[in-house]
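J.: structure for this input, please:
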Amino acid sequence: MDRSKLQALESLLRIEGGGDGSLVPDCSILSCGCLVSESYFMRNLRDESEPTRCPVCSKSEVVVLSEIKPLRELYKLIHKWTPKYPKRERKRSSTRSNHSSMSENENDKAPEYMDLMSLAYEVSQTNLSSAADANSAAIQGTDTLESEKNRSDNYKSVPPIDNSVMQTDTKASGTGMDVSDEFTRREYNFSKCFPLYKKLSVFHTQQIRFNLLAGNPFKANNIIKPTSFLGNHIYSYIDQESEEEVTRFVLLSKRRWEVYEYVRSSKYKPTYNEKPVLICCGKSTGEYGKDLNSCKEEISDEVAIKNDFSGFRSSTSNSKALREVVSKKLKAWEFIYCKISRELLVIYGTKGVMRVFNISRKKPSVTLGKPLYTYITDFPIRCVSISPNEKLIASAIMAKERVSNKEQPFIILHKLYKDGDKSQVSSVEPITITLPHRDPIKLIEFNKSSTHLLCCTSWESTVLIIRLYDKESDDYKRPRLIWSENIYSRRKPRLSSDVADDNSSSSVDVNDNFLDEVITDLEFSSSRPDLFAVTFSSLQNKYSAVIQIHSRDPYLLGEVNKSSGPDYDTHSFDNINNSVESSGDTKSSYHSNVASSEILTRLPEIGSTVHRVSISPRGDGMAFVDKAGRIYLVSTPNSQISMSKRISVQLGEAANADHFLQAASINFSPDGGKVFAVDRKGIFQVFDFTKGIPGVDTDVIKCKLLNTSKG
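T.: Coordinates of the predicted model:
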């Protein structure tokens, strides 16, 4: 810790009720509201002839109410760091700080009440002054005027605070000081805005065009409307190399995809004028480029695999027969949905085709938008998911058993192997997992540590958790089904055409009633790995909920260090046809099973037609999108303890969607201070809670309050 910062913290422990003005190790509060040293106060009580008086305000008959634990912990930290500095310098700086503190106590007493953010403001400003004092004290001169000159020069060496960056909020902070730390300012703004106030920024990626060849290009019939997309997905992360907050989203039509990038500096600079930029795009036939005018098909060295579940898997990229099959499929298939991550874009569609594209800027870099991997099967692909570590891609299919000719769902885990630091995929190992259910898989998601799969079925609404990794048991060569529960059943018969044939143009949920889609989204919480949210779109008033699972699995609970997390080697799973086993038959079931589960809360205030959910990395809120396009924010300020107290607001609106795959995608920023949304019309919205302060910044507006629940 810097010495100047240490001095600033020491001033908080020099209170008027401490006696000699030294650091107070046992700060307590009296019944009169004054802060004193408990030992100093008790020594004064030994004289029983005098009544108990407060050494600060001199009020009689006062008692000690409670200790101030934060200040006592602060003393321990300062005591820990004090020996790191030379004794002579510490004595000189302490003397100066002591005089400064006594002077402040005489002239300007601190307010009796100061919240945590205001205290952070105070410390931040004190850091700036203490740093200048430390520099001036280091220059020793014999002449007093020369010393004063040096002190003045040192103060001038501190860069001034830019008024355009930092705004003074004396009314809100109560300190009357400018904020020198942009991070502190944003955190303070967040505490004042979230969840009731926001700053909204809207960007249109698709522009309205006019037919200039027509006689009247401005006539309504001659206006070329923007493209309406089938699906979209969004992802945000912090680039550690450039220290930038990067948000990427993909827009998907039947035969075209576009990837946009929205970059903001993470160095806490007020850069609010950025716009999403198209970084790459492509077509279903294989052409790709930086824009639609430069799309072209290049000779690709991508990995291609055709799996027909007959025991023979063709995976030779140079095979002429396989290349012909891939070329034929690419000319006929159409996109259905997509998922995007930091480096990968996964698109699946009709004809049993799934493709993986590169969107990484690493050096040496593969061209943005280049196909890396193509997977072809004879059965329809229903959903996909990318693991957070980007080593696994999970896809769910619905096939028929050759012996019984019955429908059987499968999960295919695609293990990606890359060439060192390059983004090029060198090989892929598909792993087939058979589920003990006949119901098709509808949604599939990884947890934040990439060790478990969370999925749900279409008709019975059964939610499953599958464990993929456990270091203590030789990486579990077979995945384990550790939890299964039927949350809500559709209660109507399944149609025989639930499994689409290879020639179908809509092979995903073709018979799902748009008015009763049941489960529409799933997501694990990153702050509390034992929680996950599930959303419903139902006419029977089934509300979205937050579910807690009780387990002793350290990977599921997030107790294992993620940095040393799972490294999927070639022996992690069997090569093909792995049946998910019940963990009750294994020796380690005591540590891997989910003992029980409970619904922590339901959310009736956001309705029963919700399509999307995103959980804040702070753990203090969740964002939702319903069928009509309304974007909600549910704040849970004490979610670490209870979900009963919450504030629900409507952030804004996006394009409506008939089907949950067409709904707007939402995501929190990595720091949890913003909510991003993109809809099927290509409109990108940013709801920022760190921009300013209500009543001071004119562009900070109030959200529509739905209700406040207290139990």
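
J.: helices of the stretch 301-450 of the chain, start to end?
T.: 320-332 (DSSP state H, counting those that start in this stretch).

J.: below-threshold pLDDT in it: ranges please.
T.: 309-318, 363-365, 420-423 (pLDDT under 70).

J.: so which bits of stretch 254-266 are buried?
T.: 256-264, 266 (16 or more other Cβ atoms under 10 Å). To be clear about C-beta, it is placed using only N, CA and C from the backbone, and glycine gets the same treatment.

J.: can you list the domains in this protein?
T.: If you go by automatic domain parsing, the domain ranges for the chain are 1-108, 166-226+603-711, 302-512+555-592.

J.: lowest average pLDDT across the ones you listed?
T.: Least confidently modelled of the domains of the chain is domain 1-108, at a mean of 69 by mean pLDDT.

J.: tabulate the CA atom coordinates of the helix or strand where residue 190 lies in PDB.
T.: Take DSSP states H and E as the rule and residue 190 turns out to sit in helix 182-193. Only the C-alpha atoms of helix 182-193 are listed here, as PDB (Å, rounded to 0.1, in the frame of the first residue of the first chain):
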ATOM      1  CA  GLU A 182     -13.300   7.700 -11.800                       C
ATOM      2  CA  PHE A 183     -13.900   4.200 -10.500                       C
ATOM      3  CA  THR A 184     -15.200   5.600  -7.200                       C
ATOM      4  CA  ARG A 185     -17.400   8.000  -9.100                       C
ATOM      5  CA  ARG A 186     -19.000   5.300 -11.100                       C
ATOM      6  CA  GLU A 187     -19.600   3.100  -8.100                       C
ATOM      7  CA  TYR A 188     -21.100   6.100  -6.400                       C
ATOM      8  CA  ASN A 189     -23.400   6.800  -9.300                       C
ATOM      9  CA  PHE A 190     -24.400   3.100  -9.400                       C
ATOM     10  CA  SER A 191     -25.400   3.200  -5.800                       C
ATOM     11  CA  LYS A 192     -27.600   6.300  -6.500                       C
ATOM     12  CA  CYS A 193     -29.100   5.000  -9.700                       C
END
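
J.: that helix packs against which elements?
T.: When contacts are defined as 3 or more Cβ pairs under 8 Å, 6 or more residues apart in numbering; DSSP states H and E, helix 182-193 packs onto helix 116-138.

J.: what angle sits between the one helix or strand residue 677 maps to and helix 182-193?
T.: Using DSSP H and E, residue 677 sits in strand 674-678. In terms of direction (axes from the mean of the first three to the mean of the last three Cα atoms, to 10 degrees), strand 674-678 departs from helix 182-193 by 80 degrees.

J.: pull out the buried positions in the next helix or strand along the chain from strand 674-678.
T.: Sequence-wise, the next helix or strand downstream of strand 674-678 (DSSP H and E) is strand 683-688. Residues of strand 683-688 classed as buried by neighbour count (16+ other Cβ under 10 Å): 683-688.

J.: tell me the strands beside the longest strand seen in the chain, with direction?
T.: The longest strand of the chain (DSSP state E) is strand 407-418. Here strand 407-418 has these sheet partners by DSSP bridges: strand 392-400 (antiparallel), strand 425-434 (antiparallel).

J.: list the buried residues for the first one?
T.: Of the residues in strand 392-400, those with enough neighbours to count as buried (16+ other Cβ under 10 Å) are 392-399.

J.: same deal with stretch 534-544?
T.: Quick answer for stretch 534-544 (16+ other Cβ under 10 Å): 534-538, 542-544.

J.: okay if I get those as JSON lines plus secondary structure and distance to residue 59?
T.: Converted to JSON lines, the buried residues of stretch 534-544 look like this (DSSP: H, G, I helix; E, B strand; the rest coil; distance: Cβ to Cβ, whole Å):
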{"residue": "534", "secondary structure": "strand", "distance to residue 59": "56"}
{"residue": "535", "secondary structure": "strand", "distance to residue 59": "57"}
{"residue": "536", "secondary structure": "strand", "distance to residue 59": "59"}
{"residue": "537", "secondary structure": "strand", "distance to residue 59": "62"}
{"residue": "538", "secondary structure": "coil", "distance to residue 59": "62"}
{"residue": "542", "secondary structure": "coil", "distance to residue 59": "59"}
{"residue": "543", "secondary structure": "coil", "distance to residue 59": "54"}
{"residue": "544", "secondary structure": "coil", "distance to residue 59": "54"}
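
J.: check contacts around residue 416.
T.: By Cβ atoms under 8 Å, 6 or more residues apart in numbering, the contact set of residue 416 is 356, 373, 390-393, 425, 428.
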